[in-house]
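In: Dropping a prediction and its sequence here:
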6 protein chains.
Amino acid sequence: MAVVPLLSDEEAGAEALAVFDDIRAKRQKDYINTFWRALVHDPATLKATWDRAQIVMAPGALDPLVKELIHISVSTANGCDYRVHSHSAAAKAKGMSPAQHAELLSVIALAAQTNALPTALSVPVDDRFKA
Amino acid sequence: MAVVPLLSDEEAGAEALAVFDDIRAKRQKDYINTFWRALVHDPATLKATWDRAQIVMAPGALDPLVKELIHISVSTANGCDYRVHSHSAAAKAKGMSPAQHAELLSVIALAAQTNALPTALSVPVDDRFKA
Amino acid sequence: MAVVPLLSDEEAGAEALAVFDDIRAKRQKDYINTFWRALVHDPATLKATWDRAQIVMAPGALDPLVKELIHISVSTANGCDYRVHSHSAAAKAKGMSPAQHAELLSVIALAAQTNALPTALSVPVDDRFKA
Amino acid sequence: MAVVPLLSDEEAGAEALAVFDDIRAKRQKDYINTFWRALVHDPATLKATWDRAQIVMAPGALDPLVKELIHISVSTANGCDYRVHSHSAAAKAKGMSPAQHAELLSVIALAAQTNALPTALSVPVDDRFKA
Amino acid sequence: MAVVPLLSDEEAGAEALAVFDDIRAKRQKDYINTFWRALVHDPATLKATWDRAQIVMAPGALDPLVKELIHISVSTANGCDYRVHSHSAAAKAKGMSPAQHAELLSVIALAAQTNALPTALSVPVDDRFKA
Amino acid sequence: MAVVPLLSDEEAGAEALAVFDDIRAKRQKDYINTFWRALVHDPATLKATWDRAQIVMAPGALDPLVKELIHISVSTANGCDYRVHSHSAAAKAKGMSPAQHAELLSVIALAAQTNALPTALSVPVDDRFKA
């Protein structure tokens, strides 16, 4: 179904396998997501993406769960089915409750609606919102 | 610049003014955003949107600030400049720190990138992510 | 503000001017929209776009006003401020009433919301909806 | 395939079942779309969405069929496969002819194209289009 | 799965068959893509789309392979799975190497990210970028 | 107009100034784009974005001009006015001719149109396009 074959460990080269090793060690499980297997064709982007994701998703001023909710929000607006699934799973793994999931969806739906209205009317930004 | 004129209190009818009164009371300030002024042309949608926004944005299983971050995320992905401004201002008013803002942006940027890659490769969703 | 200069009649070549003549004749007014002036740099695309627009927007199985409403809908979802303005003006010129405009906006806003929810949940299409 | 399980009538609580009863009564058929079954997890959003949809899609200044065409237009631009299917089916049920469907598609395709060109050139909105 | 049935040669009328004949002659193979079969319902749009595609995709100031890369880029940003597949296949047929594919993906991913950041911050366009 | 103030060299800290120095050295001009000035608030993302952009945009299997065309394509589809301007300027600086610009626009417009049609019809991907 994919545009490129998803490569097995045996088909991956040393550079990609080193990233897989790091993913397995950090996540403490053997399974490698199809996304990373699709990126094996470009080990440099595989490594850059994995490295950047770890930095950005680490705990910081925002809670890791909140970062997953942001991912789900962007992925929904972009219509990226892969990321909607992977980050919904990650959010559940980080403790998202059914009530939090339901509220997330209602905010996303409200935002979609309140994005459409000012766009359809070309409402000018209030001066007080500008930096 | 807008597609419809932004109406003043004097030009608004009783139904719209009642919503303005409610906005002013709940927000405890006199200023009415241009968005609401543009919706005066359709008082029913004005009222429905305001009513729904209050329900959805109220404190619940998710913190009100987190709800603002979700709004900014969706609005960025949808390219809605009005909402990027209004919810960034709202998030700051609800305590978003510069460090939180910076992390929000880095997660949004990461999500945009990690949405593009699986879409460009049509990566199939892992079975384990399905309900 | 544009990426290319908007060219005057004097700066346009014969091929572009012929399209301008046709636009003026068909619309029975002298004014040429900035969109067409920006396309003067590529007279072939200017002509192809104008020709196609006339065929597609002509009265047929759908009313010309309905076709304008479809344009506004797509342009809002795509966040194209230019087309939101030009087709809202065209729709008014073709008789769109304030009540119709208000209903259009409420349907667009509903659609945005009911697009976001199934996307965020990856709801499978009902078998009965498939051809 | 969905992010959450689609719940049966037996698994739905009283609040969701009351919405299902209303859907069945208004639509005069027993079948409940997968979309509503996915929303059972959040009965408040299920009810709010169903209630709002009925108000917005009711006959008014715009014909119910035209409202379906607007839904298809927005859903196409947003890339929402679920809604493309559900509203294409609804439009056919409300009398959309093959000729109307064909014209709808040609207008949507034209709009996509004439959205891309001014965006790629950042064409400024004509003063005469502003309210 | 499609919204309309994909029609066979036997089901297609004379106008659509004439386009199929042209596609077969120009591409020098018998297979007709599902996209064209779905458009058989509207022979005028089928013909207009095929004719326009041939003009636009022909060798010119840009190399045909570069035109395929542009198609993949737009299709990824629009989330059009059909076109991501068809133009990735076309690009490979026109000689896209694995290294070129990998670089294409890394540029698309970078662009997605560097689109999100200025949108989230509403960065004003530098005067020097304006025409 | 921006969501955050654009910071001057004087307001930027040492980490951001080091990136500015590198930008100035590599581009051999003193001017710093507003985009980079907006990112001064988050020096880590400023540096990561600049570093990644240099790697991705460097000459490789794809020509630097082609990479700019890909950026313009994605930015148009995403509706990012900032990037449409900055990469159109960069493409011109790298030698994009008016004829190439015109062809780029015609391919982007064709792609927008041929993305909308299969999405509106939910055309299934041909088996032969799958890896």
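Out: Done, it's in.
In: Check which helix or strand A:Ala61 maps to.
Out: When elements are assigned from DSSP states H and E, A:Ala61 belongs to no helix and no strand.
In: residues in contact with it?
Out: B:97, B:99-100, B:102-103 (Cβ atoms under 8 Å, 6 or more residues apart in numbering or on different chains). (Each C-beta comes from the backbone N, C-alpha and C, glycine too.)
In: By neighbours, which of the residues you listed wins?
Out: B:Glu103 (26 neighbours; other Cβ atoms under 10 Å in any protein chain shown).
In: is it true that that one touches A:Pro59?
Out: No: applying Cβ atoms under 8 Å as the test, B:Glu103 and A:Pro59 come out as separate, 10.0 Å apart.
In: Helices - which of the contacts of A:Ala61 land there?
Out: If you go by DSSP state H, these have B:99-100, B:102-103 in helices.
In: and the most centrally placed residue in chain A, what pLDDT?
Out: Closest to where the C-alpha atoms of chain A average out (Cα atoms, centre = their mean) is A:His71, at 4.6 Å. With respect to pLDDT, A:His71 scores 98.
In: okay if I get the ones in helices among the contacts of A:Ala61 as CSV plus distance to D:Tyr31 and pLDDT?
Out: Compiled in CSV, these are given as follows (distance: Cβ to Cβ, whole Å; pLDDT from 0 to 100):
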residue, distance to D:Tyr31, pLDDT
B:Ala99, 51, 97
B:Gln100, 46, 98
B:Ala102, 49, 97
B:Glu103, 45, 97
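In: Out of these, which comes closest to D:Ala25?
Out: Checking those against D:Ala25 by Cβ to Cβ gives B:Gln100 as the nearest, at 47.4 Å.
In: For the closest one, which non-adjacent residue is closest in space?
Out: A:Ala61 (4.4 Å; Cβ to Cβ, 6 or more residues apart in numbering or on different chains).
In: Now that neighbour: phi and psi?
Out: Main-chain torsions, A:Ala61, degrees, to the nearest 10: phi -70, psi -20.
In: pLDDT value on it, please?
Out: pLDDT, read off for A:Ala61, is 98.
In: can you check A:Lys130 too?
Out: 85.
In: picking that back up, look up how far chain E lies from the residue nearest to the centre of chain A.
Out: 12 Å (Cβ to the nearest Cβ, to the nearest Å).
In: Quick one: residues contacting that residue.
Out: Per Cβ under 8 Å, 6+ apart, neighbours of A:His71: A:83, A:87, A:90, B:107, B:110-111, B:114.
In: if we can go back for a sec, between the contacts of A:Ala61, which is closest to chain F?
Out: The closest of the contacts of A:Ala61 to chain F turns out to be B:Ala102 (Cβ to the nearest Cβ; 3.6 Å).
In: The residue of chain A found nearest chain E - how many residues pack around it?
Out: For chain A and chain E, the shortest gap (Cβ to the nearest Cβ) falls at A:Asp42, measuring 3.6 Å. When neighbours are defined as other Cβ under 10 Å, A:Asp42 has 24 of them.
In: Check the spacing between A:Asp42 and chain F real quick.
Out: 11 Å.
In: Grab the nearest non-local neighbour of that residue.
Out: Excluding its sequence neighbours, the residue lying closest to A:Asp42 (Cβ to Cβ, 6+ apart) is E:Ala102, at 3.6 Å.
In: Surely that neighbour is in contact with A:His41?
Out: Yes: assessed by Cβ under 8 Å, E:Ala102 is found in contact with A:His41 at 6.2 Å.
In: so where do the strands sit in chain A?
Out: With DSSP state E as the definition, chain A shows no strands.
In: Considering only it, name the residue that lies closest to chain B.
Out: For chain A, Cβ to the nearest Cβ, closest residue to chain B: A:Ala77, 3.3 Å.
In: Relative to chain D, how far out is the closest residue to that residue other than its chain neighbours?
Out: In space, and not counting its chain neighbours, A:Ala77 is closest to B:Ala77: 3.3 Å by Cβ to Cβ, 6+ apart. Separation of B:Ala77 from chain D (Cβ to the nearest Cβ) stands at 11 Å.
In: Ok, A:Asp21 next?
Out: From A:Asp21 to chain D the distance is 30 Å (Cβ to the nearest Cβ).
In: now A:Leu69
Out: 13 Å.
In: So what's the residue count around the closest residue in space to that residue that isn't next to it in sequence?
Out: Counting by Cβ to Cβ, 6+ apart, A:Leu104 is the residue found nearest to A:Leu69 once chain neighbours are left out, at 5.5 Å. A count of neighbours around A:Leu104, defined by other Cβ under 10 Å, yields 26.
In: Just give me the neighbour total for A:Asp21.
Out: Neighbours of A:Asp21 (other Cβ under 10 Å): 11.
In: My guess is A:Ala120 contacts B:Val3. True?
Out: Yes: counting by Cβ under 8 Å, A:Ala120 does reach B:Val3; the two are 7.2 Å apart.
In: any common contacting residues for the two?
Out: C:Val84.
In: any idea how far A:Ser8 is from chain C?
Out: 27 Å.
In: With A:Ile32 instead?
Out: For A:Ile32 relative to chain C (Cβ to the nearest Cβ), the value is 22 Å.
In: tell me the contacts of that residue?
Out: So A:Ile32 contacts A:9, A:20, A:23-24 (Cβ under 8 Å, 6+ apart).
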